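Colleague: for reference, the sequence and a predicted model appear below.
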Amino acid sequence: MAKLLDFIAQEQLVFDSFLLEHPNQDFIVLWKTAIKSDFYPLFKEKKKDSDLLLEVFASSVVASVIYYLSQADKSLDMEQLEAVVLKILS
């Protein structure tokens, strides 16, 4: 998650534009697809619900980043964000 937030910080204008100012559904769908692909090995053992779990997880990651970016003071720190995402994984 640290690498993700570092990358988002480096490209904040792009993420602000595509996620906040003018939400781009194509960007969001591609990003969620990449997340699901990367995390598939963690979910494949739950074959019955793996597609649903991956979709919820990917959507949660994107929603967490949108929430983080929308906080003007960035009061949510990386550890809090990681804790939320890890809670979803368990």
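Modeller: Great, that's in hand.

Colleague: give me the distance between L4 and F43.
Modeller: 18 Å (Cβ to Cβ, to the nearest Å). (Each C-beta comes from the backbone N, C-alpha and C, glycine too.)

Colleague: all strands of this structure, in order?
Modeller: Ranges of strands within the chain: none, based on DSSP state E.

Colleague: next, name the residue at the spatial heart of it.
Modeller: Closest to where the C-alpha atoms of the chain average out (Cα atoms, centre = their mean) is V61, at 2.2 Å.

Colleague: which residues sit in contact with that one?
Modeller: Contact partners of V61, counting by Cβ atoms under 8 Å, 6 or more residues apart in numbering, are K32, I35, V85.

Colleague: swap the cut-off to 10 Å and go again
Modeller: M1, L4, W31, K32, I35, K36, F39, L81, V84, V85, I88 (Cβ atoms under 10 Å, 6 or more residues apart in numbering).

Colleague: equivalent analysis for Q25, please.
Modeller: With Cβ under 10 Å, 6+ apart, Q25 has these contacts: F18.

Colleague: tell me the pLDDT of it.
Modeller: Listed pLDDT for Q25 reads 96.

Colleague: contacting residues around the least confident helix or strand in the chain by mean pLDDT?
Modeller: Across the helices and strands of the chain, mean confidence by mean pLDDT, DSSP states H and E is lowest for helix 78-89: a mean of 75. Residues outside helix 78-89 that contact it (Cβ under 10 Å, 6+ apart): 1-2, 4-6, 39, 42-43, 53, 56-57, 59-61, 63-65, 67-68, 76-77.

Colleague: any of those buried? List them.
Modeller: For the contacts of helix 78-89, a neighbour count by 16 or more other Cβ atoms under 10 Å gives the buried set as M1, L4, L5, F39, F43, L53, F57, S60, V61, S64, V65, Y68.

Colleague: what's the neighbour count on L54?
Modeller: L54 has 21 neighbouring residues, counting by other Cβ atoms under 10 Å.
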